[in-house]
Structure formats: C-alpha cells, structure tokens
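>>> quick one, what's the 3D model for this:
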Amino acid sequence: PFVLGTHYNGSETSGYHTPGNDLKVIHTRSGTKIILNDAQGSVFIEDPSGNTWTMDGQGNINVNAPKNFTVNAGDNVSITAGKNVSISAGNDMSTDAGKDHTQTARGNQKISAVGNIDINATGDIHESSKDKTEIAQKDFKRQADTSNEVASQITIFSSEKDMTLQSGKQVQVNSSEKTNQF
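Take a look at the predicted model:
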C-alpha cells in the first residue's frame, strides 16, 4: 500500500490539544512520550518505567530515574556550578580514584560523623597547619614504635590528677641548662 495524502477530521481532538496549538507530542502506544511545549518553551521526555527528563524553558533541567542513574564517559566527567553543589545519599556514599584524590576548599573544610571517623594509609600521613588543636572528650591515646615531639617550648599539664611518667627501662631528663624538679 502507498499513502498518497492525509485526511483531516475536524471533530476529533487530541488529548494534547490546546487552543494555541502549543503542544507538539510524540506518544507511542507503549507509553513513551516527548512533549514540546511552545507556550512554556519546555521539553518533557518520559518512558513507561517513569524515567523523566524535563527542560522547563527557564534554564532548569530535572532528570528522574525510579531506579538507577549511571553516567559513563570514555575520558573525563566535569561538573561545574556557578554557586553550590549538593550530593545526598539515602544510605552509603563512596568514591574510588584509580590514582590520586585531591580535595581543595578555598574557605573552611569540615568533616563530621555521627559515628566514628577512620583514617587509614598504607604509606605515611602528613599533617601541616598554622595551629592545631586536638580535643578528646574522654581518652586520648597514641601508640607507635618511636614517638618524637620537637618544639621551641613544650608544656605538659595535668589540671586535676597526678601525672605518671613510666618507662620499661630508664627515664632520662636532659637539659642544656639547669633542671628544676620542684
């Protein structure tokens, strides 16, 4: 069969009919839709599973997936925001870098957890700052084969209870000048 023309039925209207003929729609029998709205300048795409892509004509894009959303790139992925970036997960969040991972904040950076924070490196950990304050509400423990602390002045102060200095061998106190013990 050959189609040589089209027929028009003026009494039947589409479910997408508007007086200004603003909607241009492709709607398949399986439920896939593309709606172009000339009045809003928007584009709406939907599939039968509920995945949607909306460009609202105001400069915003909204993508929804009832299940999973995956982005793959052969090379790089870049995300740039003129203001803020927010990421939220209902459960766990993880990042994995094949090599180095760098985070830079041009202001303050905060790390907090309701539970524990574990930092682990198979190599060394280096910390550097202008000043450093460590506060433990209860116990503060350090353990190493060798511990060295070097500063131009060191003060150790026990505000309420005795101080114990204990060694498996000798305790040596060396000073370039006199030592005051009392």
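
>>> what distance do you get for Asn51 to Lys33?
11 Å (Cβ to Cβ, to the nearest Å). Glycine gets a C-beta too; all of them are placed from N, C-alpha and C.

>>> can you report how many residues lie near the spatially closest residue to Ile61 that is not a sequence neighbour?
Of all residues not flanking Ile61 in the chain, Met55 sits nearest, at 5.3 Å (Cβ to Cβ, 6 or more residues apart in numbering). Residue neighbour count, defined by other Cβ atoms under 10 Å, stands at 18 for Met55.

>>> now do Asn72
5.

>>> and stretch 175-182, how far apart are its ends?
From its first residue to its last, stretch 175-182 covers 15 Å (Cα to Cα, to the nearest Å).

>>> repeat for stretch 171-182
With Cα to Cα, one end of stretch 171-182 sits 17 Å from the other.

>>> what's the answer for stretch 55-63, then?
Stretch 55-63: ends 9 Å apart by Cα to Cα.

>>> and stretch 44-63, by the same measure?
10 Å.

>>> gap between it and the chain center?
A distance of 23 Å separates the centroid of the chain from that of stretch 44-63, by Cα atoms, centre = their mean, to the nearest Å.

>>> tell me the buried residues in that stretch?
Using 16 or more other Cβ atoms under 10 Å as the burial criterion, the residues of stretch 44-63 that qualify are Phe44, Ile45, Glu46, Thr54, Met55.

>>> which of these sit farthest apart?
Glu46 and Met55 (12.8 Å; Cβ to Cβ).

>>> any regions of the chain where pLDDT drops low?
1, 3, 5-8 (pLDDT under 70).

>>> who are the contact partners of Ile119?
Counting by Cβ atoms under 8 Å, 6 or more residues apart in numbering, Ile119 touches Ile125.

>>> ok, Ala156 touching Met163?
Just so we're on the same page, residue 156 is Ile rather than Ala. Yes: the criterion here is Cβ atoms under 8 Å, and Ile156 meets it with Met163 at 7.2 Å.

>>> show me where this structure has strands.
Per DSSP state E, the chain carries strands over the ranges 23-27, 33-37, 42-46, 52-55, 61-64.

>>> TSV please, covering the ones you listed and showing distance to Asn180.
Shown next, in TSV, are the strands of the chain (distance: least, Cβ to Cβ, whole Å):
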stretch	distance to Asn180
strand 23-27	90
strand 33-37	85
strand 42-46	80
strand 52-55	76
strand 61-64	71
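
>>> out of these, which is closest to His126?
strand 61-64 (40.5 Å).

>>> hmm, who's touching the closest one?
Residues contacting strand 61-64 (Cβ under 8 Å, 6+ apart): Gly50, Asn51, Thr52, Trp53, Thr54, Met55, Asp56, Phe69.
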